[in-house]
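K.L.:
okay, predicted coordinates and the sequence, questions at the end:
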Amino acid sequence: MKEQPFESSEHDLVGYASLDLKSGQDAFLTAIFPNYNPQRFVPVSIKVAFGKEHLTITLYAHAAGEQPETRGELPVKKFKGILDMDVFANYVKHFSVSFSNDRFDIDQMRVINR
């Protein structure tokens, strides 16, 4: 598993997620972000934040063909959109999130009540 792409020290629980889209990544991103062009950008990270009435979808994308900077940094463009939950659900085939408590090593976890 990869480390979270955002800070985790200020949250009660942190975790991992997986997302499968019905029509693929490019169809989803071009529908949500009108100024996103899959020929010009490569998705690096997508953040989904649940609000009280909607979702905020943030895409961080790298310019296609552009090399990382000499300092080892990867320049990205930020795209941001607001979606109602039912609209988001129309694009999703599978969405799974798992949160854990950082006080424990999840690799040592053993389920005892199968």
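P.N.:
Noted; the coordinates are in hand.
K.L.:
from the chain's centroid, how far away is stretch 106-114?
P.N.:
27 Å (Cα atoms, centre = their mean, to the nearest Å).
K.L.:
so which bits of stretch 54-67 are buried?
P.N.:
Across stretch 54-67, burial judged by 16 or more other Cβ atoms under 10 Å covers 55, 57, 59-62. For every residue, glycine as well, the C-beta is placed using N, CA and C.
K.L.:
kindly apply the preceding question to stretch 66-84 instead.
P.N.:
Under the neighbour-count criterion of 16+ other Cβ under 10 Å, stretch 66-84 has 76, 79, 81, 83 buried.
K.L.:
out of those, which are inside strands?
P.N.:
79, 81, 83 (DSSP state E).
K.L.:
roughly how far apart are the residue nearest to the spatial centre of the chain and residue 71?
P.N.:
When Cα atoms, centre = their mean is applied to the chain, the residue found nearest the centroid is residue 46 (3.1 Å). Going from residue 46 to residue 71 by Cβ to Cβ, to the nearest Å gives 25 Å.
K.L.:
residue 43 too?
P.N.:
22 Å.
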